[in-house]
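Novice: My questions concern the predicted model and sequence given below.
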Amino acid sequence: DVEKDILFQYLNEIKGKINRVEEFFRKYSETARFNAKEMSTYCGYCTGFREGKLARCIDSMTIFYANSYFGTNISEPEVIDIYDKDVTGKKIVSFLERPVSTCSFCANRQTVSELNPWKGLSEKTAREDFFYS
């Protein structure tokens, strides 16, 4: 399967960079209040890859932490499994170009300029530290 071989070769060549986080902005609203298509065109592409799955948004791949910690019900990301026998390069590109349900919870357009000092997730983390209202 030539397309999969090319994809795996590409994934093996991806280089990453780890940056120390010192500031953050509130990424999400607790409710789906934004236009998913509009938000998806605003943010661009920050593709996430975790455990063999690709998601259009890296942040959405960790939303389960907020759902668990705060008891929220923000949509978890739609993902595509790169090991699925029916996956092709065209399917991946098409998938990554579509907005996902998590986009309608994304508040980064409203909050990206409101940087806050990083505190880390602890028992002192308040909803208003995490969610845009």
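Specialist: Nice, thanks for sending it over. Numbers count the residues shown, from 1 in each chain.
Novice: Run through the chain and note the low-pLDDT ranges.
Specialist: Within the chain, the ranges that satisfy pLDDT under 70 run 1-16, 21, 44-45, 119-123.
Novice: Quick one: the helices in it, in order.
Specialist: 2-12, 36-43, 63-70, 89-97, 108-111, 127-130 (DSSP state H).
Novice: Measure how far the fifth one is from the centre of its chain, please.
Specialist: Relative to the mean C-alpha coordinate of its chain, helix 108-111 is positioned 14 Å out (C-alpha atoms, centre = their mean, to the nearest Å).
Novice: Let me know how buried residue 29 is, in neighbour terms.
Specialist: Residues lying near residue 29 (other C-beta atoms under 10 Å) number 19. Where C-beta positions appear, they are placed from N, C-alpha and C, glycine not excepted.
Novice: swap in the one 5 residues further on?
Specialist: Neighbouring residues of residue 34 were enumerated by other C-beta under 10 Å; the total is 21.
Novice: Any chance of the backbone angles for it?
Specialist: For residue 34, the backbone dihedrals are phi -110, psi 160 (criterion: degrees, to the nearest 10).
Novice: dump the residue contacts of it.
Specialist: 103, 104, 105, 106, 107, 109 (C-beta atoms under 8 Å, 6 or more residues apart in numbering).
Novice: same thing but at 7 Å, please
Specialist: 104, 106, 107 (C-beta atoms under 7 Å, 6 or more residues apart in numbering).
Novice: who touches residue 43 in this structure?
Specialist: Per C-beta under 7 Å, 6+ apart, neighbours of residue 43: 106, 108.
Novice: and the helices of the chain as TSV, adding distance to residue 22?
Specialist: Output for the helices of the chain, formatted as TSV (distance: least, C-beta to C-beta, whole Å):
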stretch	distance to residue 22
helix 2-12	30
helix 36-43	21
helix 63-70	20
helix 89-97	29
helix 108-111	17
helix 127-130	15
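Novice: Ok, which of these comes nearest residue 49?
Specialist: helix 2-12 (7.4 Å; C-beta to C-beta).
Novice: picking up where we left off before, quick one: closest of the helices of the chain to residue 50.
Specialist: Residue 50 lies closest to helix 63-70 among these, at 11.0 Å (C-beta to C-beta).
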